[in-house]
Structure formats: structure tokens, C-alpha cells
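Student: structural data only, the sequence is not supplied:
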């Protein structure tokens, strides 16, 4: 072996192998005279961060698409006691940095955002700081036990080495807000119109103002780094995060928008955007219990949950009178007394947790005639709601609703506060009493929202980050109605229109629309006279309101609209572009009923009656289940970082579960049927007391509600074994949310049935929810969030963990369940599981030489080694009868160990299996030794798990030995800059190397550069190489691509290779409409002609470089959107250069014959099972500043560590002729 090439990495390597032992890394003077030394542990190759995590004693429960853990559970028991939990947490992050693919020296500054006490320990919230600027969405949540041991950690650790440029702040805070408004509404906002309100706790400024038709009730902007993807090494772009409540129709709308936008600091381009809105000792007269915890009633109705019979029966509960209750506060902040809802002497509903007011007038907020509820006497809000009158009948009637809203939100605040949703967890309060978090952000609660503008039948919650007030908007709801349609012998189910009269009783003959334009019956164009007739029209081609207007203009007295697809009668939306008053009624029927009615009309005269009588509107603020649902959105979004379609669905489920926790009471039959929104939905269905607002009531009894994980997927048939309303696609956010809530309710009911008291279970369930949401990784999938909840429960009570895991499995969320892809909108790809079992995962294999004849850390002829493989169980139950087997079919290579019987691996546990291998003296050629590792168990998600390993055997690197670089040598003289993560020297097979530059799906500009080369004085220079490439493109638009460049001044300046070569080798011109640094240049784009097979390119540079020293580089440029596989470069051959600058892979020159071998001190002395290291040295060797097992660099600058040994999933690849 060549001694100058020691400790080289093969491919991408992260040094988890430090666990396996470190030794003196100085090379002995000779093999015969060297003292015995401890052999280095050598990673078996292209190790993923998730495999690193296993080797470091952390079990990954959530892994992203790049193999990086997003949620890990500790299994190694390492304790890092410190003065505060946050300090312990920071120590554990540094210790496990390589589990996220980050070198120890590149861990960003971590700043505590607060410690949240949970059952089983403390969750520390850590903000990541890079060059003095926080990373947006970069919060880590780390749970530690009382003695400083790691329990779990979630989030994405960013690397200080991630590409980023010095920030250029082109505008200030007000300018950033104005830019965001410009982008949102496509209308310029005058920055001068923004008025400074106050400083937030994080130092940002809060503004409000109005410019033209744009009204900003509250906005702030904060400086951050924005990561262009979820990858730890994603490019960081300096940016402003703008959160705003704004409205571009302030004269007519109170709701407006609540949104969060990220814009680039240098030019204001939009980097990301999401809506913040999720749909749906004072005395207070309210609908609640008058003693105990003053539990709110479900609504102003008699308790009817669970449903009396568990079957639809049309019965509706009676209204009940309110009670006058006296409350100071209900939470329990440690040993301190409860925090007051209102300060002594207050006379309006503006407290520390919520400000409640009527917002029935435009614009949004407390404006122009809106008002809060006021006291009726000293410290008393005593108004009785009159159900015979509408919600807006009088100011007193409105204040009764405001008082109810104020009461319920305060009650929910204290309910969840005791569950752990405290100041340090990010709850909303004006004063945080020095307990952490950001203050001055009490909830703005808006009763009767936009009532004068016609908003009905909804509520929503907008949740900005801690420090800016959330907003709950509660609408009025349509009153209970009687609605019938009779047409001859038909009495079909009907739907209603949101335009035209609400109350009507119309009789007349029914005729089929015929407008003379195909299809004729859609009434989308002018009709002939239909005076005095009720007209049957078909859905399609134009808006519902257009059809009714056409009938009205032709003298019709009513409209029956037949659906054009199977399903329930549709609700008929308004068309705001039509301003003509609609004076005739419209009702909808199903497609089948429409077909029958057409048949009846064809057979003779059909007379019909359209009847509808709507009661007074309902006051939404009286429905505690609706308010609790909206509060659940706020809890979810303050605790969890997400914005995917699955996040939206789970948020609806969290909202429903929050409501169910309030609706369920002690002594209930928890196997019964639990509808939601009984009071508010009186006009929604024929049986609101059974269905409520959902397709079926919630129940742990599957004969009442059989929803399971698969029912989130579009196209999967919904349950038919019980009453169930068909309302939209499965993946619709509320429908999919029902599935998530059903899983949560199943678990809660199981805990209630497990033996503890009602109050104890209800409290610890809330604590599990808070801890689980804090531990859930960003943009978590349903199964990842399930694991976060189970992790939180297990830390407090293994028994509760087991109960929940079994319950979740009953809803299809078992151990082997698979979520849809993270950004899926139709949730295709879900795999259900109904079992609770273990799940075996293999970690990063490593090798240490037991005999090392020439001390070069390559396994050569006559040498032996230990191969150590960490194994993890990511499941919630133990794996039994686990056996690991290592086999090889490579001639001259032998596995000398028998299969290793590991036995049992506990839930979330891990173990090590070690094998001995040897190479015979008869092996003389460079060899790629292939191994198969098989892990078998009889009760896991898979009976066997296999991993292919390949080891470079019996090789040396011969430096400076060829004018062609095949990249097969373990070392490489080609370099990347320290910031480049896109290029890596990889080995598709043991003896075959290549350079790969990925197209990362983020803004990038990366290259791999040759060493200095000298051109011959007379001969032309040619470059021949083999490549495959696949870059992002759309049709004929080429977003990403690669170029070849040349430099003659040591890399100071570069020119495209086409300045020296004709014709151009490129096949594309890159788009200038995105942010690709190579935009506008000719380049390799799309795919090469023979893709996925390689093509050969020859470039003749002529004699332009004669006698000069030059370098070439292969450079990839990408925009900040979608990525692709990228560019593989191989077999780069030069003619017309001086010397042979490139290394080659040759047979080992050493021998074990004669001199005594260096037996060494093996890292793992015997084959068999070894526990994972608990010594806390996991990050050793992952630090660029030196230390045991330190990564080193070759003179050419390539990363060097693992001398010719690597792991890979074997794939077919062509072999070069030797």
C-alpha cells in the first residue's frame, strides 16, 4: 500500500464509527517493528445519517426522503447532567450531530427558547443561529429526563457549512411588510402609511396602517435565514418573515386574510407563503356547570353526548338556561395561585388570555361600531340569551354571545395550560409573568364575525408564531329549518342555495329547461318564456346563480337543479359577479332523482311544491364544541411546525379531538356516539343530534364509526356498515381529519378504560398531546406524529404507551403502517397496519482490522477483520428471536463467524452484531468483496431485512500514475470547495468510482475541480469523459444544468469550455426566469441521449493552452425548486498534457509472509453481540478541529478516512475493460 494515502473516505462518510474505538493514528515505521496498536474502526461506506443515528445509540422514528432522521428516540442511556435542561439538550445535539449529517464543528449556535415540563422529563426548545441570524423553522425540540439523559429529539439540525451568502438587506421592517403586501394583493402599499405600534419581545416591530384599499390591522417582519429545502445542508437565503392580518376589501369584509410570507432580503421575491387560517373572581352568565371546574356545556342544550341510542332517530335536545358562575382563574401554574382572566376593576371582555368583541361590521378587528361585552354590575357579566330572537336583535343579545366566547376561550386556555401548553411552550397571553415565551399576544376573539356581510356557518382560527396575537372568528349559523320538495310522487332529498330567498313556499308545474344551445337543459343561455313554471335544470357549464337568473329572466317561479354526478344534493354557491337580485327559490336534488323527474315530466304533467322555512340565526359563540375545535387548531399550530396537506388534515383532526376532550365527561359511556356541533348544525342535516358537523359521529365502537387510516386516501370506499354521509373526497381536509381524530379518540377511550380515574386520564392525555406535538418533526406525516405521541407517553408510562399503540393499530395506524409521501394532496400510498410489533432497521456497518500486516487500514491478503453492524428496533414492541447472518460468495474471502443470535431487542432498542472475516494469502488481485447481511426475526414488520455490503480488498492507490482518471482509486485529486455538498466521490461498486453532482432541488452552484494540469508545448489538448445526466426541466424549459469551465490563473477566473471548443457539446440553454446562477447559459440539460446509460464526450481544445498550467471543472447550477438525479462523471482522459497526474487503483504490494503481522488491538474483541457504546463520545472524529479518529485530508484536498471500504446497495453497472 502507498503510505501517503492513509485514512481516506470512500464516498460520503459520517464518523459514527468513533463508537467502535480509537487508537494511535501515527503510522509505525515498519510493520515488523511496530508495537501493537488499536485498529481504527472503518465505516463500511456511504453511511446515511439515519444509520449514523443507530450507531450512536439513537433510534430513528422518522426519516426524511434524504435519509436524515427527523425524530429520534434515545436508546443509549447517555446522561449529560447540566445546570438546566436546555444545556443538557444542547450537549446531546452536539453529541448526535452526525445523526443529522452535520459535522461536530459545523453545529450552529443553539439558543434556548424555553423549557416545557412534560410527563417523564422536559422538552427544551432550541433555536438555531447561523452567523447571528435565526433559521426560520429551525427549532429543535429535545426531551431529556431529570438526570440529563436524552429521551428524544426532533427537528432538522442545520449545518454551519450550508451554502449561504452575507445578507443584503434592501429594505427595513416596514419595507418588508409593504413588499409582502404588494406580492399578496398585486397592489402597491405605501410604506409611509404603516404606523409603528410597539416592539415585540423578539425585538421585531409591530405595525398597522392603511394604503388605498389595503388595510393592515397588525403586521410584523423578522430577519431570518430561509432554508431552500428540508435537507440539513440546504442553501440558506437571508429573508424577512412577514406575518400580517390584512384585508383588501375593508369596506365590506371583516375576515380578511391572515398569512405568513417569507421574502428574500435582497430583492423581495417570495420564497414561501402559507395561510394562517384554519377553518371551523368575575361572574359570567354562560352555558356551563355552576360548580367544580365550571365545565362548558356542549352548547345551550341538554347534554346529549354520547347519543342516547347510537343510531339516527331525529330526536333533538331541548334548550337549557345559563348559569351565573364566579371565576378568577382555573389554571395551576406550579405552586402559584391561578392566573386571573380579568384584572380587578375591569369592565370589558379584554383579559390576559383573550380579547373578545363583536366584529359584525367591516373591516376586520374592533372598528366602526363593533364593541366588547361590558359588565352589568360590579365584576359581573350577566345577560341571558333569548332564543326567540336573532343574535343581532339587540346589543345586549350580542354581548351575551361575546361573554360566552370570552368564557369558553379562557376555560380552554386553562384546560390546555394544565396540560403543558404554557408560556414557554408558546401559548398566547398578554403577560407571561416571567415564565418564558413571548407576551402581548392574547387571542383576538371575534363574535358574530361579518354578520352584516352575510358570513354564516363557519368559524376559523389564524395562528401566527408566538408574540403576534392569534385570531378566532366565529360566525352566525343558519337557524333550524324545515325544507321539503314534492314533485309528483317524488319527495327527494334537497340541497339549498346561498343566494335568493331563504323562506319560500312555491307551487307550479315543472318543465325541463331548453335553451337551444347544447346540452340545452343547463340553462346557461337565455330561455324561451317559462312564465309561471318551476324549471328543472342540469348542473354544469355555468354557475348555479347564472342558471337561476336565466329562469328568473324568462318568468320562471322556481328552480330545481339536478346534480350531474352521483352523490348527495349539492350546496349551491353564490356568484358575486351577478349583482341582479335573485327573487325566486332554488333547490338541488341528486342525479338519480333528476333522472326520475325527467322521466316523469316526459310521461305527463308534474306539479311541484318547493317549501323552506328557516328559523332565526344561531349564535355560534354559544357552541363550546365549535370553539374547542378552533382552539385545537391554535394548540396544534403553536406547537407543531408544518404546512403540508397532511398537516392541514391532522389540524382538523386535532381540532375535533380538542372538542371531544371537552364533550366527553366522567361517567359517560365512552363507547357511544359523539357528534360535534349539535347546536350550530341544526340546519345541516336531517339529524344534527346524531351526525353533527361530520360524516358520522365519533365512536370507539367500529359499528358506529369504522373510519381507518386507509380512508384518508382518495378513491377508497368509505364505510357502508353503518350510517355515513358521503360528503366530498376522502382527502378533503375535514374528511381526512376525521380519520386522524378517530385514531386519537380510540386511544383516549382505551386509556379511560384502562383503570385510572377520568380526571387523571384526561389530564395526562393532554400532556401527551402537548409533548407529542413538540416532539413531532417539521411537516410530520401521520405516522411520524403517531410516533411522537407514543414517545411522549412511553417517557411517562410504558403501560399507557402500550395501550395507545394497540388502540392506534385498531384504526390502521399500527407499527407497520406507511404514510403517503410528505407533500401528497390525495394521500395515495397509505399502507394500513393493524399490528403492534417491532421493526428491524440496520445501522451503519463498520470494520476494524484484527491483523494489519502493512498498517494501511485496507483489508489485504492474509489479514482478518471484525465487521460490526448496529441494529435498531424502531417499533413499539420487542423483536424476538433476532438472528444476524453475514455471508459472502467472493473467492478467497471468508466469514469465519457463525450467525449471531441477538435474541430479543426491546421496543425502540438497539444491539450490535459482530462478525469476523478473513482474506486468504492466495488473493493477489484488487478485489471487490461482496457480503450479504441478513437480519431475521419472527415477529417484525418484515421476516428478514437484507443489506448488501462491499469491501475493497487487496488494493493500493498508486499516485501520479495515469493521464486518465477513472476515479477508481480510493483517493481523488479532484476537489470541491468546503461549502459544496452537491458533489461526492462515490463508488457504485467496490472497485468502480465516479464523481456525482446532484441536482438538489435548492438554489446551488457547485463544482468539482481538477488538479493543476500542464499543457504540452505543441500537442493539442483533448478531454474525453463518460457521463450520465438528468437535470430538472419542463417541456422545453431547462431549469437546472451543468457546464464545463477552464481556468488558466489558478481558479481566480473561469471561462466556459466553449470558448476553446467547437461545436458546443451542450444540448440546452438554461432558463432565466428562475434563480439558477447559470441561467441564460448553454449547458447540459434534461438528460443525455442514452440516459440512464452513459454517453462519451470528446472535447478538442487545440493548442490554445500550449505550455500553460490550467484546470477544468464540472459545475452544476440549480434553482430553488424541484431537483433531479444530477450528473455522473467518469473516466476523464487527457491527451496533450505533461505527466501523469492521476492516481490508479492497483494490487496491494504488501505481504503477510515473513514479518510478523501487526495484530493490533481490535475494537471489538470477539464476534457476537455488543451493546451500543454509552460513553458519550459519539461526536468524536466528526469534528474538523482534531481529536481521536480524526478525519484527515489528502494533499489534494479530498476527504480521507476510510481507506477503501464502503457499504452500498448493489446495482448493475457496466464494467470497463482493463
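Tutor: Yep, it's here. Since the structure is predicted, the reported quantities are computational estimates derived from the model, not experimental observations.
Student: so where's the protein uncertain?
Tutor: For the chain, the stretches with pLDDT under 70 are 1-46, 76, 251-255, 279-280, 685, 978-981, 1151-1218.
Student: spatially central residue for it, please.
Tutor: Of all residues in the chain, the one closest to the mean position by CA atoms, centre = their mean is residue 779, 1.0 Å from it.
Student: now do the contacts for that one.
Tutor: 230, 641-644, 647, 822 (CB atoms under 8 Å, 6 or more residues apart in numbering). The way it works is simple: take the backbone N, C-alpha and C, and place the C-beta from them, glycine included.
Student: can you rerun that using 7 Å?
Tutor: Each residue near residue 779 by CB atoms under 7 Å, 6 or more residues apart in numbering is listed here: 642-644, 647, 822.
Student: can you check residue 672 too?
Tutor: For residue 672, the contact set (CB under 7 Å, 6+ apart) comprises 306-307, 310, 699.
Student: now, the most widely separated pair of these?
Tutor: 307 and 699 (8.9 Å; CB to CB).
Student: okay, and the common contacts of those two?
Tutor: Common neighbours of residue 307 and residue 699, using CB under 7 Å, 6+ apart, are 672-673.
Student: for the residue nearest to the centre of the chain, grab phi and psi.
Tutor: Torsion angles at residue 779 (phi, psi; degrees, to the nearest 10) stand at phi 50, psi 40.
Student: mind telling me what element the residue nearest to residue 138 when sequence neighbours are not counted is part of?
Tutor: Distances taken as CB to CB, 6 or more residues apart in numbering put residue 128 closest to residue 138, at 4.0 Å, once the chain neighbours are dropped. Counting by DSSP states H and E, the element that carries residue 128 is strand 121-130.
Student: partners of that strand in the sheet?
Tutor: Partners of strand 121-130 in the sheet, by DSSP bridges, are strand 109-118 (antiparallel), strand 133-134 (antiparallel), strand 140-144 (antiparallel).
Student: return the most buried member of the ones you listed.
Tutor: Comparing the strands paired with strand 121-130 by mean neighbour count (mean count of other CB atoms under 10 Å), strand 140-144 comes out on top with a mean of 28.
Student: identify the residues contacting the strand holding residue 128?
Tutor: Taking CB under 7 Å, 6+ apart as the rule, strand 121-130 contacts 85-86, 89-90, 93, 108-116, 134-135, 138-146, 151, 158, 160, 164, 225, 236, 771, 774-775, 795.
Student: same thing with stretch 299-312?
Tutor: So stretch 299-312 is in contact with 287, 297-298, 317-320, 385, 622-625, 663, 668-669, 672-675, 678-679, 687, 689-690, 697, 704, 723, going by CB under 7 Å, 6+ apart.
Student: swap in 6 Å and give it another go.
Tutor: 287, 298, 317-320, 622-623, 663, 669, 672-674, 679, 687, 689-690, 704, 723 (CB atoms under 6 Å, 6 or more residues apart in numbering).
Student: likewise stretch 624-633?
Tutor: Here stretch 624-633 makes contact (CB under 6 Å, 6+ apart) with 278, 280, 296, 298, 408, 412, 459, 461, 472, 651, 654-655, 658-659, 662-663, 676-677, 680.
Student: how about the strands in the stretch 751-900 of the chain?
Tutor: Assigned by DSSP state E, counting those that start in this stretch, the strands in the stretch 751-900 of the chain fall at 840-842, 846-849, 864-873, 879-888, 893-895, 900-905.
Student: turn those into JSON lines, columns for mean neighbour count and distance to residue 732.
Tutor: Shown next, in JSON lines, are the strands of the stretch 751-900 of the chain (neighbours: other CB atoms under 10 Å; distance: least, CB to CB, whole Å):
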{"stretch": "strand 840-842", "mean neighbour count": "23", "distance to residue 732": "34"}
{"stretch": "strand 846-849", "mean neighbour count": "28", "distance to residue 732": "48"}
{"stretch": "strand 864-873", "mean neighbour count": "26", "distance to residue 732": "36"}
{"stretch": "strand 879-888", "mean neighbour count": "19", "distance to residue 732": "38"}
{"stretch": "strand 893-895", "mean neighbour count": "18", "distance to residue 732": "54"}
{"stretch": "strand 900-905", "mean neighbour count": "18", "distance to residue 732": "41"}
